[in-house]
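Asker: Below: sequence and its predicted model.
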Amino acid sequence: MRTVHGLSIGMLAAMIALCASAGAGEMVTVPLLDIDSGTTSPTGNYRWLDEADQVFGTSYRGGYDYTLASVEVTYDKADTMLNGTLTATNLKPNFAYQIKLVGASGTPQNEAIGLVGRWWQEEWYGTYWGGGTNLNNKGDGSSPNPNDLIYLARRDIEDPTSPTGLRYKYTGYLVLDYFTTDELGDATLSFQADSSYHVLWKTTQRIHTADDGPIKTSTFDVDPALHYQYDSDYPEKTVSIFGEWERLPVGGVILNLAEYRCEIILTEESFHQCGTTYGGCWAAAMGARIDPAHAGDDFFAYESRDGAPYVVALDGSASFNASTYLWEQVAGATVTLRNADTAAPDFDAPMWDGSTELTQTEASLRFRLTINQGTTYEDRDEVGVYVRLPGDANGDDNVNAFDIALLRLFDPAADFNGDNLVNAFDVSILRIASGRRRTVE
């Protein structure tokens with residue numbers, strides 16, 4: 001797993017539902033899971049100094065990792081702006097953390113995040129992605145900034161040898177808030193995604209300006225008799241931190257309404273002490289997919305034919321932290337779901353009765369996936385399946401010469417029987433269905 005200036009890009013992508021709705025109130029809770037310090041991924045360059053640069057004790061440094069912490073994010077997925085509450089126990093004590101959204105490279109949503117946040121750039125070196133670096137010219141705070149202009153100039157440069165067909169790979173990320181834990185490593189933070197920060201500073205390191213984020217101050221007095229995380233007795237310290245602006249104005253940088261494939265990441269703040277003893281280097285601590293239920297993207301299928309059912313598979317396996325699954329049909333011509341309590345049920349597409357065509361409404365099947373039903377981590381997502389006429393390769397609800405043209409090109413959409421091949425069987429299906437049409441509603 002790679003950690004870049006505190007951003008982990010190794011986890012699966014997420015969906016953040018920021019879609020406008022009639023009103024707020026659809027609350028979702030997701031647990032943040034350990035990223036680097038567990039047994040399933042390599043160790044990051046962690047910080048073992050608190051925010052006052054006081055070193056943690058030997059046994060704590062050797063025994064603590066983020067599998068011992070508990071962090072949950074509760075947010076309102078029906079609101080028009082991502083906002084919610086982070087609740088944490090047993091993080092590192094007297095310690096500063098960033099909260100980030102991290103996109104999935106190559107997706108439109110990744111671009112939307114980067115255009116309000118920051119860019120991590122990698123280059124294809126013939127056999128591997130390398131040269132990873134942050135684009136660091138934020139300009140005067142307006143958008144597009146100089147980093148955006150580099151991104152826009154390079155994002156479409158082709159390289160036929162790379163896995164993506166492109167020379168550069170970009171990951172967008174947004175530092176949206178920050179906090180300090182108490183002497184137990186606990187914290188509660190109400191947040192909303194309306195600001196874009198570059199990095200955190202202590203007021204002893206950098207002068208706070210009116211354009212920067214709010215100063216957050218904590219006072220603590222370490223005593224090893226009371227605080228097992230330390231070996232030394234330190235005097236009382238007061239530390240103030242703030243977020244350096246990345247985009248302006250702070251409090252007025254808003255993500256566009258959309259669905260975002262991304263993660264939420266908790267990152268250690270190292271205060272530019274990379275390379276020093278125990279200073280760390282923006283290691284990613286914990287993370288999660290924000291919208292944990294993932295029913296997949298909408299897709300199309302074809303009608304079943306007499307004696308030849310067209311089997312349609314649903315797939316919720318990309319859901320995050322799911323222990324139970326429940327699929328239900330919520331729209332369209334009724335079908336029978338098989339294995340509806342698993343991640344990947346299937347069903348036979350509706351069959352033409354030989355005379356009456358399905359209407360567009362009847363052909364628009366929709367299914368709801370609920371994970372972890374009845375628990376704190378319950379969440380839902382839906383997927384649409386449009387059932388095309390057999391032979392309707394271009395999806396215009398008619399079987400005609402345009403579909404013949406796609407069939408001759410061996411277009412994957414001309415796989416009318418679902419066997420993952422385009423061959424003589426599909427020619428036969430199209431010939432039989434020629435002239436059929438579905439009334440446009």
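Answerer: Looks like it arrived, so ask away.
Asker: who are the neighbours in contact with Val71?
Answerer: Listed by CB atoms under 8 Å, 6 or more residues apart in numbering, the contact set of Val71 reads Pro31, Leu32, Leu86, Thr87, Ala88, Thr89, Leu91, Leu266, Met286. Yep, even glycine has a C-beta here, placed from its N, CA and C like the rest.
Asker: For the helix or strand Gly62 falls within, what does the pLDDT average out to?
Answerer: Using DSSP states H and E, Gly62 sits within helix 58-63. Mean pLDDT, helix 58-63: 96.
Asker: How far away from the center of its chain is it?
Answerer: With CA atoms, centre = their mean, to the nearest Å as the basis, helix 58-63 stands 32 Å off its chain's centre.
Asker: contacts for it?
Answerer: With CB under 8 Å, 6+ apart, helix 58-63 has contacts from Trp48, Tyr228, Gln229, Tyr230, Asp231, Tyr278.
Asker: What backbone torsions are found at the spatially closest residue to Leu101 that is not a sequence neighbour?
Answerer: Counting by CB to CB, 6 or more residues apart in numbering, Leu174 is the residue found nearest to Leu101 once chain neighbours are left out, at 4.6 Å. Main-chain torsions, Leu174, degrees, to the nearest 10: phi -130, psi 120.
Asker: Just give me the neighbour total for the nearest residue to Leu389 once chain neighbours are set aside.
Answerer: Leaving aside its sequence neighbours, Leu389 sits nearest to Arg436 (CB to CB, 6+ apart; 5.2 Å). For Arg436, the tally of surrounding residues (other CB atoms under 10 Å) stands at 17.
Asker: who's in contact with Arg436?
Answerer: Applying CB under 8 Å, 6+ apart to Arg436 gives the contacts Glu357, Leu389, Gly391, Asp392, Asn398, Val399.
Asker: Just the buried subset of those residues, please.
Answerer: Glu357, Leu389, Gly391, Asp392, Asn398, Val399 (16 or more other CB atoms under 10 Å).
Asker: for stretch 370-388, which positions count as buried?
Answerer: So, applying 16+ other CB under 10 Å, buried residues of stretch 370-388: 370-372, 377-381, 383-388.
Asker: Just put those residues in CSV and tack on pLDDT and distance to Ala343.
Answerer: Shown next, in CSV, are these (pLDDT from 0 to 100; distance: CB to CB, whole Å):
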residue, pLDDT, distance to Ala343
Thr370, 95, 12
Ile371, 93, 9
Asn372, 91, 12
Tyr377, 85, 16
Glu378, 88, 16
Asp379, 86, 14
Arg380, 89, 15
Asp381, 90, 12
Val383, 96, 13
Gly384, 96, 18
Val385, 97, 17
Tyr386, 96, 22
Val387, 95, 22
Arg388, 94, 25
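Asker: Among the residues you listed, which pair sits farthest apart?
Answerer: Put simply, by CB to CB the two of the buried residues of stretch 370-388 set farthest apart are Tyr377 and Arg388, 36.1 Å from each other.
Asker: Taking the contacts of helix 58-63 together, which two end up most distant?
Answerer: Tyr228 and Tyr278 (17.6 Å).
Asker: Just after the helix holding Gly62, pick out the following helix or strand.
Answerer: strand 70-76.
Asker: Give me the helices and strands touching the next helix or strand after that next one, please.
Answerer: Under the assignment DSSP H and E, the closest C-terminal helix or strand after strand 70-76 is strand 83-89. When contacts are defined as 3 or more CB pairs under 8 Å, 6 or more residues apart in numbering; DSSP states H and E, strand 83-89 packs onto strand 70-76, strand 187-192.
Asker: Just the CA trace of the helix or strand just after the shortest one, in CSV.
Answerer: It stands for strand 187-192. Per DSSP H and E, the first helix or strand lying C-terminal to strand 187-192 is strand 197-202. This file holds the C-alpha atoms of strand 197-202, laid out as CSV (Å, rounded to 0.1, in the frame of the first residue of the first chain):
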residue,chain,number,x,y,z
TYR,A,197,-6.5,22.7,3.1
HIS,A,198,-2.9,22.2,2.0
VAL,A,199,-1.4,20.9,5.2
LEU,A,200,-1.4,21.6,9.0
TRP,A,201,1.0,23.8,10.9
LYS,A,202,1.6,24.7,14.4
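Asker: roughly how far out does strand 197-202 sit from the chain middle?
Answerer: Per CA atoms, centre = their mean, the centroid offset for strand 197-202 relative to its chain is 23 Å.
Asker: So which of the contacts of helix 58-63 is the closest to Val312?
Answerer: Closest to Val312, out of all of the contacts of helix 58-63 and judged by CB to CB, is Trp48, at 52.6 Å.
Asker: The closest one: how many residues sit nearby?
Answerer: Neighbours around Trp48, by other CB under 10 Å: 19.
Asker: Surely it touches Phe56?
Answerer: Yes: between Trp48 and Phe56 there is a contact under CB atoms under 8 Å: 4.9 Å.
Asker: Spit out the residues that contact these two alike.
Answerer: Tyr278.
Asker: need the helices for the stretch 1-150 of the chain, in chain order.
Answerer: Under the criterion DSSP state H, counting those that start in this stretch, the stretch 1-150 of the chain contains helices at 58-63, 108-114, 146-154.
Asker: Just tell me which of these ends up closest to Ala343.
Answerer: helix 108-114 (23.3 Å).
Asker: So which elements touch the closest one?
Answerer: Using 3+ CB pairs under 8 Å, 6+ apart: helix 108-114 touches strand 96-103, strand 168-180, strand 259-268.
Asker: Show me what counts as buried in that helix.
Answerer: Within helix 108-114, the residues that count as buried by 16+ other CB under 10 Å are Gln109, Asn110, Glu111, Ala112, Ile113, Gly114.
Asker: Now render these as CSV, adding distance to Ile429 and pLDDT.
Answerer: Output for the buried residues of helix 108-114, formatted as CSV (distance: CB to CB, whole Å; pLDDT from 0 to 100):
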residue, distance to Ile429, pLDDT
Gln109, 36, 81
Asn110, 38, 88
Glu111, 39, 92
Ala112, 40, 91
Ile113, 43, 93
Gly114, 44, 95
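Asker: tell me which of the residues you listed is nearest to Pro309?
Answerer: Closest approach to Pro309 among the buried residues of helix 108-114 (CB to CB): Gln109, at 35.5 Å.
Asker: Pull up the gap between the residue nearest to the spatial centre of the chain and Gly275, please.
Answerer: In the chain, the residue lying closest to the centroid (CA atoms, centre = their mean) is Cys262, at 1.7 Å. When distance is defined by CB to CB, to the nearest Å, Cys262 is 30 Å away from Gly275.
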